[in-house]
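Student: Here is my input, please return the structure:
(2 chains)
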Number of protein chains: 2
Amino acid sequence: MARMTAWGVEGIGEIKPGDQLGDVIVEACSAEPNGPLCDNDVLIVTQKIVSKAEGRLVAIDPDDPLSHKGLVEQEARRVVRRRGDLIITETKHGFICANSGIDLSNVERGWAALLPLDSDRSARRIRDIVRARLGVNVGIIVSDTFGRPWRKGLTDVAIGVAGIAGVVDLRGTEDALGRMMQVTEVAVADELASMGELVMGKSDGVPVSVIRGADPSWFRDSSVDELIRPAAEDLFR
Amino acid sequence: MARMTAWGVEGIGEIKPGDQLGDVIVEACSAEPNGPLCDNDVLIVTQKIVSKAEGRLVAIDPDDPLSHKGLVEQEARRVVRRRGDLIITETKHGFICANSGIDLSNVERGWAALLPLDSDRSARRIRDIVRARLGVNVGIIVSDTFGRPWRKGLTDVAIGVAGIAGVVDLRGTEDALGRMMQVTEVAVADELASMGELVMGKSDGVPVSVIRGADPSWFRDSSVDELIRPAAEDLFR
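Tutor: I've put the predicted structure just below:
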């Protein structure tokens, strides 16, 4: 029977532009009581430290709570909805989220963190370093915290993946009663991101988690584009 | 450091109308190699077995693949979008989902399963039985599999809760840099439902999972209404 475990990785410390996240993560994981990383572990890495490592920081007016709103439009392909200070945009990556994914929490006062330019590439770089240094193949998910239109509360989703499926297609497999299932495309990368979030918390500075026990069939080449619904299929854009 | 583990509960078997799910689950968990249930375990129970136990089954024409579409409108408060055979509705509970949550997978041919009338009540009943029989306080989440407007792939979310928060409000707590955080209401019940789904799979007949290690502060009286965005706040209805 499937059994999965998740834990937060301590000791990452504050990330600065130019830090090589793969190295930082390998070193923090090696000091963990949970033992070294294994094949088919999944690392959930929060967007915020990826953005910091990649220097995606922009100075804003620390005394103007709305001074990042210009950046929001600059980072957007399109404004989807606007109500008061709330701006829902489609980012250049195709994500639909609040403020083009820009936020100010866990960033030094006077700075805003933009989303990474290409989080799949960021994930692949971490994956390559883990493989080069430890000889293991892991899945990497860069996660961010998005709202949902009809449900309250935020959940973490994948904005970049490497070595782990975005969506697993169970269409056409038989259900437990032997009927062909109709449509079951499971967004495993989003569910893994949510699972990882639960052991990180929001305010205690743990920006990476490890998930062990994921189904081996989920590990393959992938792109976050698997998770982005094309505009033509979308009823709510 | 937080550490959470999830596993699927085997041996539940086929559920029939009138089955008392709390008893079925207690017995299946007692036979598990993971040991007996503990205080602050979370049980994820899929909607399908709750609907079956509560007799929420309706006969449909087995030879007409669209014969349940009349039920979809009957179970809806409102049709939100329609394109071809796809109907997105707002259910009487306030959920916005495909086909009013009615589906035909893992149900015998010729039958459709409707959502439970009140999944919070269903969850409370299971929780009460677990407490009465084992003397432990667990959280119960009734889960279902919903789509998302802008992202491909389905994720499991909570449609009923008992003893575990729907949303945990981190507004006003300090982030790791000592700034007050702006808004971080985390939909922990949805993230737990997604975590549970990852160890159940869709087609292998495991309708219950256990999550151990959830933050003790998440356990309290609750309702799924915490997760439903009021229409007045909703930009996409």
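Student: mind checking pLDDT for the residue most central in space within chain A?
Tutor: The centre of chain A sits closest to A:Ser143, judged by C-alpha atoms, centre = their mean, with a distance of 1.3 Å. Per-residue confidence (pLDDT) for A:Ser143: 98.
Student: In what element of secondary structure is it found?
Tutor: Applying DSSP states H and E as the criterion places A:Ser143 in strand A:139-146.
Student: Which secondary structure elements does that strand sit against?
Tutor: strand A:42-46, helix A:47-53, strand A:96-98, helix A:119-134, strand A:155-162, helix A:188-198 (3 or more C-beta pairs under 8 Å, 6 or more residues apart in numbering or on different chains; DSSP states H and E). C-betas here are computed from N, CA, C, even on glycine.
Student: Could you verify my assumption that the residue nearest to the centre of chain A touches A:Ile44?
Tutor: Yes. With contact defined as C-beta atoms under 8 Å, A:Ser143 and A:Ile44 form a contacting pair (5.2 Å).
Student: ok, A:Gly13 - how many residues close by?
Tutor: By other C-beta atoms under 10 Å in any protein chain shown, 12 other residues sit near A:Gly13.
Student: Skipping adjacent residues, who's closest to it in space?
Tutor: Nearest residue to A:Gly13 in three dimensions, chain neighbours excluded: A:Val24, at 7.7 Å (C-beta to C-beta, 6 or more residues apart in numbering or on different chains).
Student: what ranges do the strands span in chain A?
Tutor: With DSSP state E as the criterion, chain A has strands at A:3-8, A:42-46, A:57-59, A:76-83, A:86-91, A:96-98, A:111-113, A:139-146, A:155-162, A:168-169, A:185-186, A:208-212.
Student: Reformat the helices and strands packed on strand A:139-146 as TSV; add mean pLDDT.
Tutor: Output for those, formatted as TSV (pLDDT from 0 to 100):
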stretch	mean pLDDT
strand A:42-46	98
helix A:47-53	96
strand A:96-98	95
helix A:119-134	98
strand A:155-162	98
helix A:188-198	97
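Student: The ones you listed into a markdown table, with extra columns for mean neighbour count and distance to chain B?
Tutor: Converted to a markdown table, those look like this (neighbours: other C-beta atoms under 10 Å in any protein chain shown; distance: least, C-beta to the nearest C-beta, whole Å):
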| stretch | mean neighbour count | distance to chain B |
| --- | --- | --- |
| strand A:42-46 | 27 | 10 |
| helix A:47-53 | 24 | 10 |
| strand A:96-98 | 23 | 4 |
| helix A:119-134 | 19 | 14 |
| strand A:155-162 | 28 | 5 |
| helix A:188-198 | 29 | 4 |
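Student: Domain map for chain A?
Tutor: Per the record, chain A has its domains at A:5-54+A:116-228, A:57-115, by automatic domain parsing.
Student: okay, A:Asp175: pLDDT?
Tutor: 66.
Student: is it true that the residue nearest to A:Gly13 touches A:Lys16?
Tutor: No. Under the criterion of C-beta under 8 Å, A:Val24 makes no contact with A:Lys16, lying 10.2 Å away.
Student: Show me which of these two is the more surrounded one.
Tutor: The neighbour comparison of A:Val24 against A:Lys16 (other C-beta under 10 Å) goes to A:Val24, with 21 against 10.
Student: need the contact list for the more buried one.
Tutor: Each residue near A:Val24 by C-beta atoms under 8 Å, 6 or more residues apart in numbering or on different chains is listed here: A:Ile12, A:Gly13, A:Ile15.
Student: Need those residues in TSV (columns: distance to B:Val136 and pLDDT).
Tutor: Formatted as TSV, the contacts of A:Val24 follow (distance: C-beta to C-beta, whole Å; pLDDT from 0 to 100):
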residue	distance to B:Val136	pLDDT
A:Ile12	35	92
A:Gly13	39	90
A:Ile15	41	95
